[in-house]
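Visitor: output the structure for:
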Amino acid sequence: MLRRLRAWRRKRAGLAGVSLERQTPRPTEGQREASRALYQTECARAEVEQLGAEVTERAARLRELTARNHFAESIRLSLEGGR
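Guide: Model prediction:
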């Protein structure tokens, strides 16, 4: 009786022959792994973009310190009569 009622409702709604079960197949294990890998990659990229300005600033500071050390070494060597 209940089956006939459901079938009648589907027929009235224009859904005759349409299953109410899941229409798309479940993702495979490989698809789930790929989704996890994509998510991890997106998280890592967001972290890198967030830290990008800080890294650029530190690199500039290191270049400045390296240039100062090179200049100081050149002066020291010239005063000592070295190279």
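Visitor: so which bits of the helix or strand of the chain with the lowest mean pLDDT are buried?
Guide: None of the helices or strands of the chain scores lower by mean pLDDT, DSSP states H and E than helix 2-12, at a mean of 72. By neighbour count on 16 or more other Cβ atoms under 10 Å, the buried set for helix 2-12 is empty. The way it works is simple: take the backbone N, C-alpha and C, and place the C-beta from them, glycine included.
Visitor: only the C-alpha atoms, please, for that helix, written as CSV.
Guide: C-alpha atoms of helix 2-12 as CSV (Å, rounded to 0.1, in the frame of the first residue of the first chain):
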residue,chain,number,x,y,z
LEU,A,2,2.8,2.4,1.0
ARG,A,3,4.7,1.6,-2.2
ARG,A,4,1.7,2.4,-4.4
LEU,A,5,1.2,5.7,-2.5
ARG,A,6,4.8,6.7,-3.1
ALA,A,7,4.6,5.7,-6.8
TRP,A,8,1.4,7.7,-7.2
ARG,A,9,3.1,10.8,-5.6
ARG,A,10,6.1,10.5,-7.9
LYS,A,11,3.9,10.1,-10.9
ARG,A,12,1.9,13.2,-9.9
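Visitor: and it, how far from the chain's centre?
Guide: Helix 2-12 sits 47 Å away from the centroid of its parent chain (Cα atoms, centre = their mean, to the nearest Å).
Visitor: kindly report the same for stretch 31-40.
Guide: 10 Å.
Visitor: so what does the least confident helix or strand of the chain touch, helix or strand wise?
Guide: The helices and strands touching helix 2-12, judged by 3 or more Cβ pairs under 8 Å, 6 or more residues apart in numbering; DSSP states H and E, number zero.
Visitor: who are the contact partners of Thr24?
Guide: Shown in contact with Thr24 (Cβ atoms under 8 Å, 6 or more residues apart in numbering): no residues.
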